[in-house]
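Trainee: Provided below for reference: sequence and predicted model.
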Amino acid sequence: MEHFVIFNPVKVYFGEGVVEKSGEVAALTGKKALIVTGKGSARTNGSYDQTVNSLTNAGIKVVDYTGIRPNPIVEDVEQAAALGRKEYVDMVVGIGGCSVIDSAKLIALTIPAKHPCWDFVTGSKKPAKALPVLSVLTLAATGSEMNATAVVQDNKEKMKKGFSHPLMYPKYSFLDPSFTCSVPANHTAYGITDLIAHALEGWFGEGDATLTDKFIVSIIREAMEYGPQLMQDLGNYTLRAKIMYAATMALNGLTAQAKKSGDWGVHGISHCISVLWDIPHGASLSITYPAWLKLHKNRIPERIKTLGSQLFDTPDVDDTIRHLKNFFKQLPCPVSLSETKAEVNEKNRQELLRVMQINKPSGLHHKLSADDYRFLVNEVMNEPM
């Protein structure tokens, strides 16, 4: 078992109506908030109005930045940060899903800085300070509401990268499952896939941590038991709450304790797919994970066998991969690029390979070579079986 330090400073309010406390809590932090939202769902599901009402009733002034995309881009972070500087805000409130909260974290880091946020992401600059972040979650998926990581892409460079720093932990997060009841079926399915992928990245981390493994398996089982039920009853608050809780626990540090963190190679590959075709993150993961497992079936067979025994009652590697792929398909999520807007042809095959060579996705423990890139490109381009 590895030495480890547990640190998670996020205070989470979970349950229906908790956003009513956001003004009272925010008033302890500052007097003027930059509200960051996406393209409209926060205004239709009630989260925006309820949050703003609570903030203004507490005497907090608000400034809006809208239009964050599902795959967030550096231009939005820069424009929002410039607005925050101009308006002298002293906190950032993200109302939305993972892309909004990720963007809010980077915006809070960039407002006090005198250089672009991409300098943080590439490592050329180190953060010194950040504004406090409050998150109001409207999509159960990435766990961004309780971690210090954000992902952003530079479309000009064809690069999508994740960045982590303790300054980016939200100070407070408000998780009301009722805000997710209007999430459409496809994005609900992508969120279920995303939380499973996060747990799997922990599973394939390095180190002997049996209790952590039990946490991981329990989270995946929760998603596999209640995810399909939710897909048949999208307005069910209880099922929404179960999936929201599972998604938060899948990436708040619980699945990484006593290990050398997770692997994250699959996420790196899926980012290459998203930056090329703007495919939702969860959909790119359901395409990538079976291909990654197939690549590794002779490299880490025991780890895959143990996973199969725990989740699918089979110690067979091929059966385990097939069961996971079938689960993604039944949600339904795509398991091949041919099921998305990306055309399967030689031009796109070569473009994906080129972007992988630019981004250099690799695992922290299970490294990927140039030959591995070619194998994975062929796998994700294949027609689904």
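Mentor: It's in.
Trainee: Would you mind finding the longest helix in this protein?
Mentor: In the chain, with assignment by DSSP state H, the single longest helix is helix 210-231.
Trainee: Please enumerate residues in contact with it?
Mentor: Residues outside helix 210-231 that contact it (Cβ atoms under 8 Å, 6 or more residues apart in numbering): 185, 188-189, 192, 195-196, 199-200, 202-203, 236, 239-240, 242-243, 246, 249-250, 254-259, 307, 310-311, 327, 330-331. C-beta here means a position set from N, CA and C on the backbone, and glycine is covered the same way.
Trainee: which residues touch the residue nearest to the spatial centre of the chain?
Mentor: Centroid-nearest residue in the chain, with Cα atoms, centre = their mean: residue 142, separated by 2.9 Å. Residues near residue 142 by Cβ under 8 Å, 6+ apart: 97, 98, 101, 102, 194, 195, 198, 247, 251, 281.
Trainee: Skipping its backbone neighbours, what lies nearest the most far-flung residue of the chain relative to its centre in space?
Mentor: Distance from the centre of the chain peaks at residue 59, with 32.4 Å (Cα atoms, centre = their mean). Residue nearest to residue 59 in three dimensions, not counting chain neighbours: residue 27, with 6.7 Å by Cβ to Cβ, 6 or more residues apart in numbering.
Trainee: Any figure for the gap between that neighbour and residue 332?
Mentor: Note on residue 27: its distance to residue 332, by Cβ to Cβ, to the nearest Å, is 44 Å.
Trainee: Assess the claim that residue 259 and residue 205 are in contact.
Mentor: Yes: applying Cβ atoms under 8 Å, one finds residue 259 in contact with residue 205, separated by 4.1 Å.
Trainee: Between these two, which is the more surrounded one?
Mentor: Set side by side, residue 259 and residue 205 show more neighbours around residue 205, with 26 against 23, by other Cβ atoms under 10 Å.
Trainee: In a helix, the more buried one, correct?
Mentor: No: secondary structure of residue 205 (DSSP: H, G, I helix; E, B strand; the rest coil): coil, not part of a helix.
Trainee: Send over the host helix or strand of residue 375 as CSV, restricted to the C-alpha atoms.
Mentor: Secondary structure from DSSP states H and E places residue 375 in helix 370-381. Only the C-alpha atoms of helix 370-381 are listed here, as CSV (Å, rounded to 0.1, in the frame of the first residue of the first chain):
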residue,chain,number,x,y,z
ALA,A,370,3.3,5.0,-31.4
ASP,A,371,2.3,1.4,-32.3
ASP,A,372,-0.3,1.6,-29.6
TYR,A,373,-1.8,4.7,-31.1
ARG,A,374,-2.2,2.9,-34.5
PHE,A,375,-3.9,0.0,-32.8
LEU,A,376,-6.2,2.2,-30.9
VAL,A,377,-7.1,4.3,-33.9
ASN,A,378,-8.0,1.1,-35.8
GLU,A,379,-10.1,-0.1,-32.9
VAL,A,380,-12.2,3.0,-32.4
MET,A,381,-12.7,3.4,-36.1
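Trainee: can you pull the buried residues of that helix?
Mentor: Buried residues in helix 370-381, counted by 16 or more other Cβ atoms under 10 Å: 372, 373, 376, 377, 379, 380, 381.
Trainee: again, but for stretch 209-218
Mentor: 209, 212, 213, 215, 216, 217.
Trainee: Can you tell me which of the residues you listed comes closest to residue 348?
Mentor: Residue 348 lies nearest to residue 216 out of those, by Cβ to Cβ, at 33.9 Å.
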